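In: kindly return the folded structure for what I paste below:
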Amino acid sequence: MKIIWTFSLLMIPGVLSSISVTGYSGGGVIITCRYEGKYTANEKYFCKEETLTCSDLIKTGIKNQWFKSGGFSLYDNTSTAVFTVILKDLSEQDSGMYKCGVDKSKSPDSYTKVNLNVVTAADCCEKSISLSAAAGGSVNISCRYPQSHSADVKFVCRRSGSDLCAEETSVKESRRWSAEGQMQLYDDREQQLMTGIISHVTQHSAEYWCGVQSDQGHKSFITQVLINVTDLKIICNLTIFLPLAVKRRQVLKNK
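Out: As a prediction, this is how the structure comes out:
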């Protein structure tokens, strides 16, 4: 039935392709949409289909840099004829049909149909994890993912400001360590568990995300990892001060 449905869609004028993306409540998705190279100068948009219309969520003619509007971001890469859309803070109400479109003034728009299904992965995965680490030290993370993503690429990325994925490390094989930058990742597909080590953490608290990447390049963010980084000097001072305070209390008690 899915093959018939996809074929029927592609018979509609303007439809370039049809994709399905799974998002997770509280997380986000990165969707990639291809278009014909002759339309690099045209405006690109992402809209949600209503009964008779498709309401624009974001639209821009800006090229080769991020454009942000509300909770949406769009990047039009003219060298590859691909534009990327980021949706954050998803809820199940965001499920539905969308379009990645190329605006054409003199002919019908061309677009990719996007079927977004936002689910809650409470049975397998945590929405958010909080960890602590000393500045300059390392911290271990552990993220579960749904069995349906066992064969997909797994990744961990750090959020920086409004950028959902500023620095990323991925692992493509099961039971094999992958290292890049400050992160090492290990994916056990039989257990549906990704573990990792983040080394040389900074003196500022940080937000990371564990996610999966489909074979079409779309990314789904599943678990938020919040790392509270403690200043090592404070820990050292407490290590010295607390024993002295206890000793002084004992002396006063003996008097």
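In: could you check the pLDDT of the residue nearest to Ser174 when sequence neighbours are not counted?
Out: Distances taken as C-beta to C-beta, 6 or more residues apart in numbering put Arg189 closest to Ser174, at 4.1 Å, once the chain neighbours are dropped. For the C-beta atoms, the positions are set from N, CA and C on the backbone; glycine is no exception. Here the pLDDT value assigned to Arg189 is 97.
In: one more: Ile235?
Out: Per-residue pLDDT puts Ile235 at 42.
In: so what does the residue nearest to Ser174 have for phi and psi?
Out: The phi/psi pair for Arg189 (degrees, to the nearest 10) reads phi -70, psi -30.
In: from Cys210, how far out is it?
Out: Computed as C-beta to C-beta, to the nearest Å, the Arg189 to Cys210 distance reads 15 Å.
In: for beta bridges, what are the partners of the closest residue to Ile129 other than its chain neighbours?
Out: With C-beta to C-beta, 6+ apart as the criterion, Ile129 has its nearest non-adjacent residue at 5.0 Å, and that residue is Val225. For Val225, the beta-bridge partners are Ile129, Tyr208 (DSSP bridges).
In: so what's the residue count around Val225?
Out: Val225: 23 surrounding residues under other C-beta atoms under 10 Å.
In: any weak-confidence spans in the chain?
Out: 1-15, 162, 203, 232-255 (pLDDT under 70).
In: count the neighbours of Ser69 for me.
Out: Ser69: 13 neighbours (other C-beta under 10 Å).
In: residue contacts, the residue lying closest to it once chain neighbours are set aside?
Out: Nearest residue to Ser69, sequence neighbours excluded (C-beta to C-beta, 6+ apart): Ile58, at 4.7 Å. Shown in contact with Ile58 (C-beta atoms under 8 Å, 6 or more residues apart in numbering): Tyr45, Phe46, Phe67, Ser69, Gly70, Phe72, Ser73, Leu74, Val85.
In: all strands of the stretch 101-250 of the chain, in order?
Out: Under the criterion DSSP state E, counting those that start in this stretch, strands of the stretch 101-250 of the chain are mapped to 110-119, 128-134, 139-144, 153-160, 163-171, 178-180, 183-188, 193-198, 206-213, 219-230.
In: report the angle between the second one and strand 206-213.
Out: Between strand 128-134 and strand 206-213, the angle formed by their directions is 130 degrees, by axes from the mean of the first three to the mean of the last three C-alpha atoms, to 10 degrees.
In: repeat that for the third one.
Out: Relative orientation of strand 139-144 versus strand 206-213 (the same axes, to 10 degrees): 40 degrees.
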